[in-house]
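Participant: Return a 3D structure for these sequence lines:
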Amino acid sequence: MSSVDPTPQGVTTAAGITLPKIVIIGVHNCSDAYPNVKYRVLGLLNSEGISAQEYRYTFLWRPFSRRGRSTWRRLVTIVSAPLNAILSHLRAVAACVLHARSESMYVPYPAPLVLFCLSFFPRVLRPRKIIADAFISLYDTVVSDRTLLSDRGLPARLLHWIEQRAYRLSDLVVADTAMNAAYLTQLFRLPASKVVTLPLAIGEQVYSCTSYHARAGQCTVLFIGTFVPLQGAEVIARAVSLLRDEADVQFRIIGYGQSARSAREILENEACRNYVWMEEWQDATALAGEICRADICLGIFGTTDKTQRVWPLKNYGYMACGRPIITGDTACARELTRNADPAPFAMVPVGDPQALAAAIRSLAHDGAARIGYAHRARGFYEQNLAGVISIDAILKELLR
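Facilitator: Coordinates of the predicted model:
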């Protein structure tokens, strides 16, 4: 299914200014499940500095939960998903040729497969300039972070080739942090000038700041996650078990994923009763409500290489809502806070549940410290990560 924005291309404003044109084409889902994609695309479509038109071909993959669908429905999903993906990408490539030839084009995440297919077309049939969003590297996720494929195997090498070819076709590649930009440059042997950084986009109307008041008594500690290795779910579970006798510290866990089963085994083996776990994913409004009701929010604590390079989307939400955060002491976190004194969030060594438990215990018993962190988190977000830092600046570079 395609979605086309009716905004005319190259319109001339009342002041006689002709806006530059850009076409947005991709296989992407503009929903709360992919907020960075959703709000970045909306930002382009609503920008006053450009004239944008979107052709969206949604890949309707609906993963089933553990308790979810029947065997028959699972089989239908497994068979239909690859066919749907192929059809969606073919339609997107056709749109590139039909609607973006000789124009400038932005390809939202995930961009590699669309651009890989497009790379085999003659130059005359391709867009004049291409900007690709590399929010999450497919190779990095599948091979390096989740270790689902061996880096020495043919499937991993094929995935690397596809992604490298896609990004080499692009004029600009957008990464979310300077360290991810450097990593992509090295991994795919790209010119450093081609990879630029841009903070992730969230729904700031939903993740809006509310005043934090430190309550006496119970302290609610929140973890939101997809349970990928970089998040360190097992570290959090062991910290929960270490604090199971702290009557005034209660945990709320939201989400499910790759490492969820091992985290739950830890909690069950330690007979923990100090947590509530909601496995089903919540929409943005519900997640923002959970954040605003929390006293401490937990970031990432994994020991993978990727943990060191990223500032996850949930941390954006925590900071936008103005809540105290404890996260891993990573290279990215240190780089973000290089000029911030005092720090806008608390940091502990990654992979260390004892250090995490100690930090939670200390902050849970110090309301004044929580208020300070909450205030600094929101201030840091406004100055460094907010939506006023838009993609328009990159587009001006691309379209000139």
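Participant: List of residues touching stretch 365-385?
Facilitator: The contact list for stretch 365-385 (CB atoms under 8 Å, 6 or more residues apart in numbering) reads 199-200, 209, 212-216, 219, 295-296, 316, 318-325, 336-337, 340, 342-346, 362-363. Glycine gets a C-beta too; all of them are placed from N, C-alpha and C.
Participant: With just CA atoms, put stretch 204-223 into PDB.
Facilitator: Backbone C-alpha positions of stretch 204-223 (Å, rounded to 0.1, in the frame of the first residue of the first chain) are rendered in PDB as follows:
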ATOM      1  CA  GLU A 204       7.600  15.600  21.300                       C
ATOM      2  CA  GLN A 205       3.900  16.300  21.700                       C
ATOM      3  CA  VAL A 206       3.500  12.900  23.300                       C
ATOM      4  CA  TYR A 207       6.800  12.700  25.200                       C
ATOM      5  CA  SER A 208       6.300  16.100  26.800                       C
ATOM      6  CA  CYS A 209       7.900  17.300  30.000                       C
ATOM      7  CA  THR A 210       6.000  17.200  33.200                       C
ATOM      8  CA  SER A 211       7.300  18.400  36.600                       C
ATOM      9  CA  TYR A 212       8.900  15.700  38.600                       C
ATOM     10  CA  HIS A 213       8.100  15.500  42.300                       C
ATOM     11  CA  ALA A 214      10.100  13.100  44.400                       C
ATOM     12  CA  ARG A 215       7.600  11.000  46.400                       C
ATOM     13  CA  ALA A 216       8.200   9.800  49.900                       C
ATOM     14  CA  GLY A 217       8.100   6.000  50.300                       C
ATOM     15  CA  GLN A 218       7.900   3.800  47.200                       C
ATOM     16  CA  CYS A 219      10.200   4.400  44.300                       C
ATOM     17  CA  THR A 220       9.200   3.100  40.900                       C
ATOM     18  CA  VAL A 221      12.000   2.000  38.600                       C
ATOM     19  CA  LEU A 222      11.100   1.700  34.900                       C
ATOM     20  CA  PHE A 223      12.800  -0.300  32.100                       C
END
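Participant: Pull out the buried positions in it.
Facilitator: 204, 206, 207, 209, 212, 214, 219, 220, 221, 222, 223 (16 or more other CB atoms under 10 Å).
Participant: want to throw those residues into TSV with distance to residue 111, secondary structure and pLDDT?
Facilitator: Shown next, in TSV, are the buried residues of stretch 204-223 (distance: CB to CB, whole Å; DSSP: H, G, I helix; E, B strand; the rest coil; pLDDT from 0 to 100):
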residue	distance to residue 111	secondary structure	pLDDT
204	24	coil	84
206	25	coil	90
207	25	coil	91
209	32	coil	89
212	38	coil	93
214	43	coil	90
219	42	strand	96
220	38	strand	97
221	36	strand	98
222	32	strand	98
223	30	strand	98
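Participant: what would the residues you listed look like in CSV with distance to residue 28?
Facilitator: Output for the buried residues of stretch 204-223, formatted as CSV (distance: CB to CB, whole Å):
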residue, distance to residue 28
204, 20
206, 19
207, 21
209, 28
212, 34
214, 40
219, 39
220, 34
221, 33
222, 28
223, 27
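Participant: out of these, what pair is the most spread apart?
Facilitator: 204 and 219 (26.8 Å; CB to CB).
Participant: pLDDT (mean, whole number) over stretch 134-153?
Facilitator: Stretch 134-153 carries an average pLDDT of 90.
Participant: Look at it and report the distance between its end residues.
Facilitator: 23 Å (CA to CA, to the nearest Å).
Participant: I'd like the distance from it to the chain centre, please.
Facilitator: Relative to the centre of its chain, stretch 134-153 is centred 16 Å away, using CA atoms, centre = their mean, to the nearest Å.
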